[in-house]
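*Asks:* Make a model of this:
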Amino acid sequence: MLRDLGSSNGTLVNGKPIKGDQQLQSDDVIRFGPKGPQLRVVIHEEEPRTIPPTRIEAVGTEPTRSLAPDAGRAAPSTTQRIRAEVTRQTAPWRIAMIGLGLLIGLGGLGIALGLSRRARALERERMLLLARTDTLLHRLDSASSSVSALAAALASARAETGTLRTSLTERALTAERLDSLAQRLRAGLMRHEPVLRAAELDVSGIARENGDAVGLIVSEFPGGRRLAGSGFAVRSRGDTGWIVTSRHLVLDPGGLRASRLGVIFNGSGQNFRAEVAATADSADLALLVTRIRGGVPVVRGLGGPAVQHAAVAILGFPFGLDFPVGDAWRKQGVSLSRFAGTVQAVRPDALEVDAYGTGGSSGSPVFNGAGEVVGVVYGGDPRTSGRIVYAVPVSRLQEFLTKAGRF
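*Replies:* Residues are numbered from 1 along each chain as shown. Here you go, the predicted structure:
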């Protein structure tokens with residue numbers, strides 16, 4: 001007899017659920033639950049007067065060992081035998097489920113550890129970007145310039161970098177967002193570095209060392225036409241000094257020379273007479289000679305070739321003699337203007353400098369950070385309102401001076 005004692009999944013005999021007691025016949029198949037293990041019942045008919053030992057074997061498997069009791073030991077009940085067989089049959093299932101549970105648990109732990117490591121890596125990257133941003137902000141806050149265009153560029157860089165830093169302080173940053181901010185920082189560094197180098201350039205020191213050698217060049221052509229520009233002394237011997245300036249200040253487009261030339265050095269109100277010593281054929285360069293009792297101050301020297309994005313300083317007289325106080329310069333002396341900038345492009349015949357210049361800037365020396373001349377201004381891009389100026393490279397200047405016999 002088989003009785004279901006209220007199990008959750010029910011008991012089936014030959015595929016049908018039982019209710020109450022079920023008389024078992026030989027070869028009946030018992031299944032514990034619709035998808036549970038199943039057993040075949042074999043009843044021995046040759047011993048009708050006694051309850052024979054029952055052998056239960058799993059369907060589809062090799063016959064199991066007889067469950068008959070050993071001699072001298074009480075035979076287990078049918079319920080006990082079924083429970084033992086069910087336990088044995090379901091052991092692999094239990095082991096598999098336990099293993100699966102362990103795998104799921106270990107997998108979840110691995111995922112959690114991976115996420116934790118990723119979060120720590122993102123935080124390290126965020127802190128690194130914050131540190132680089134703070135360094136850039138410190139440099140921007142410490143930099144200043146009297147050049148309006150440079151001051152505006154610094155202010156714009158400060159605002160942009162401050163916004164970037166605010167974005168980096170957000171806690172819930174994804175990897176994609178952090179990568180985007182890192183790209184913005186790299187692009188900002190590339191844009192702001194030339195501005196910073198120009199602002200950090202010691203223009204005052206360069207002016208102190210070379211300013212006395214820079215002068216205002218005044219030329220007068222037949223017919224009364226006058227031009228004003230800049231120049232600088234490169235060599236002095238006794239009372240004689242040689243001054244570099246732009247060729248177009250001493251020769252008109254037709255090749256006519258200025259009838260009168262003068263040079264007024266920085267801080268002086270005296271116009272010293274000058275003469276043309278040489279002019280270049282393939283560059284906008286000219287060499288003047290003047291004589292001053294007590295000698296002529298000269299610039300520190302000529303430097304190596306300029307490099308792109310290098311910070312430079314320009315000293316000169318961009319406004320010529322157009323002073324609001326009229327001829328007061330004769331008493332007060334002329335004062336040069338100084339501008340910081342960066343080399344935007346380097347070509348064999350010209351330097352492109354982002355600084356400031358206008359008509360009187362022609363002939364102005366361009367200095368590197370060491371206070372050495374790397375170029376001579378000769379013109380500018382009229383579309384940039386004086387911001388982009390062009391200069392003859394120092395290599396062409398050196399060739400010209402060597403040919404003129406001054407170096």
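
*Asks:* Do a quick rundown of the helices in the stretch 301-407 of the chain.
*Replies:* 329-332, 394-404 (DSSP state H, counting those that start in this stretch).

*Asks:* The longest one packs against which elements?
*Replies:* Going back to what we said before, that points to helix 394-404. strand 272-279, strand 286-291, strand 373-380 (3 or more Cβ pairs under 8 Å, 6 or more residues apart in numbering; DSSP states H and E). All C-beta spots, glycine's among them, are computed from the backbone N, C-alpha and C.

*Asks:* Please identify the buried residues of stretch 190-210?
*Replies:* By neighbour count on 16 or more other Cβ atoms under 10 Å, the buried set for stretch 190-210 is 192-201, 203, 206-207, 209-210.

*Asks:* List of residues touching that stretch?
*Replies:* 136, 139-140, 143-145, 150, 153-154, 157, 161, 232, 299-300, 309-313, 315, 336, 338-342, 354-355, 365, 367, 369, 371 (Cβ atoms under 8 Å, 6 or more residues apart in numbering).

*Asks:* before we move on, the earlier item: for Gly33, state which of the buried residues of stretch 190-210 is nearest.
*Replies:* Taking Cβ to Cβ as the measure, Gly33 lies nearest His192 of the buried residues of stretch 190-210, at 73.8 Å.

*Asks:* could you point out which element follows the helix or strand of the chain with the lowest mean pLDDT?
*Replies:* Among the helices and strands of the chain, strand 55-58 carries the lowest confidence by mean pLDDT, DSSP states H and E, at a mean of 55. Later in the chain than strand 55-58, the nearest helix or strand by DSSP states H and E is helix 78-142.

*Asks:* That next one - what's its average pLDDT?
*Replies:* Across helix 78-142, the average pLDDT comes to 77.

*Asks:* residues contacting Gly231?
*Replies:* 214-217, 243-245, 249, 263, 288, 363.

*Asks:* Who wins on neighbours among these?
*Replies:* Gly215 (33 neighbours; other Cβ atoms under 10 Å).

*Asks:* What pairs with the helix or strand harbouring that residue, parallel or antiparallel?
*Replies:* In the assignment (DSSP H and E), Gly215 maps to strand 214-220. Strand 214-220 sits in its sheet next to strand 226-237 (antiparallel), strand 260-265 (antiparallel), going by DSSP bridges.

*Asks:* in terms of contact, does Gly294 touch Gly241 like I think?
*Replies:* No: taking Cβ atoms under 8 Å as the definition, Gly294 is not a contact partner of Gly241, at 10.6 Å.

*Asks:* and the two? which has more neighbours close in?
*Replies:* Gly241 (25 against 7).

*Asks:* SS state for the nearest residue to the more buried one once chain neighbours are set aside?
*Replies:* Setting aside the residues directly before and after it, Gly241 is nearest to Val296 in space (Cβ to Cβ, 6 or more residues apart in numbering), at 2.7 Å. When classified by DSSP: H, G, I helix; E, B strand; the rest coil, Val296 comes out as coil.

*Asks:* so where's this protein shaky on pLDDT?
*Replies:* 45-76, 105-115, 146-149, 322-329, 406-407 (pLDDT under 70).

*Asks:* quick one, domains of it?
*Replies:* 2-91, 114-200, 204-404 (automatic domain parsing).

*Asks:* Output those in TSV; the columns should cover distance to Leu102.
*Replies:* Compiled in TSV, those are given as follows (distance: least, Cβ to Cβ, whole Å):
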stretch	distance to Leu102
domain 2-91	16
domain 114-200	18
domain 204-404	61
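
*Asks:* Could you single out the most deeply buried of the ones you listed?
*Replies:* domain 204-404 (a mean of 19; mean count of other Cβ atoms under 10 Å).

*Asks:* Any idea how far apart the tips of that one sit?
*Replies:* Domain 204-404 has an end-to-end distance of 32 Å (criterion: Cα to Cα, to the nearest Å).

*Asks:* go on, stretch 16-29?
*Replies:* End to end - Cα to Cα - stretch 16-29 spans 10 Å.

*Asks:* List the contacts of it.
*Replies:* 1-4, 10-15, 30, 38-43, 45, 59.

*Asks:* Go again with 6 Å.
*Replies:* With Cβ atoms under 6 Å, 6 or more residues apart in numbering as the test, stretch 16-29 has contacts from 1-4, 10-11, 13-14, 38, 40-43.

*Asks:* ok, of the residues you listed, which one's closest to Ala131?
*Replies:* Gly10 (68.3 Å).

*Asks:* out of everything not next to it in sequence, what's closest to that closest one?
*Replies:* Pro17 is the one closest to Gly10 (Cβ to Cβ, 6+ apart), at 4.9 Å.

*Asks:* Pretty sure Ala391 sits against Glu352.
*Replies:* No: using Cβ atoms under 6 Å, Ala391 is not in contact with Glu352, being 8.2 Å away.

*Asks:* List the residues that contact the residue nearest to Gly241.
*Replies:* With contact set as Cβ under 6 Å, 6+ apart, Val296 has these partners: 233, 236, 241.

*Asks:* Just put these in a markdown table and tack on distance to Thr79.
*Replies:* Compiled in a markdown table, the contacts of Val296 are given as follows (distance: Cβ to Cβ, whole Å):
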| residue | distance to Thr79 |
| --- | --- |
| Ala233 | 120 |
| Ser236 | 124 |
| Gly241 | 125 |
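
*Asks:* nearest to Tyr378, of the residues you listed?
*Replies:* Using Cβ to Cβ, the contacts of Val296 come closest to Tyr378 at Ala233, 18.1 Å.

*Asks:* separation between the closest one and Leu251?
*Replies:* Plainly put, Ala233 is 20 Å away from Leu251 if you go by Cβ to Cβ, to the nearest Å.

*Asks:* Thr384 now?
*Replies:* 26 Å.

*Asks:* what's the answer for Thr358, then?
*Replies:* Counting by Cβ to Cβ - Thr358 and Leu251 are separated by 21 Å.

*Asks:* if we can go back for a sec, pick out whichever of the contacts of Val296 sits closest to Ser167.
*Replies:* Taking the contacts of Val296 together and measuring to Ser167 by Cβ to Cβ, the closest member is Ala233, at 52.7 Å.
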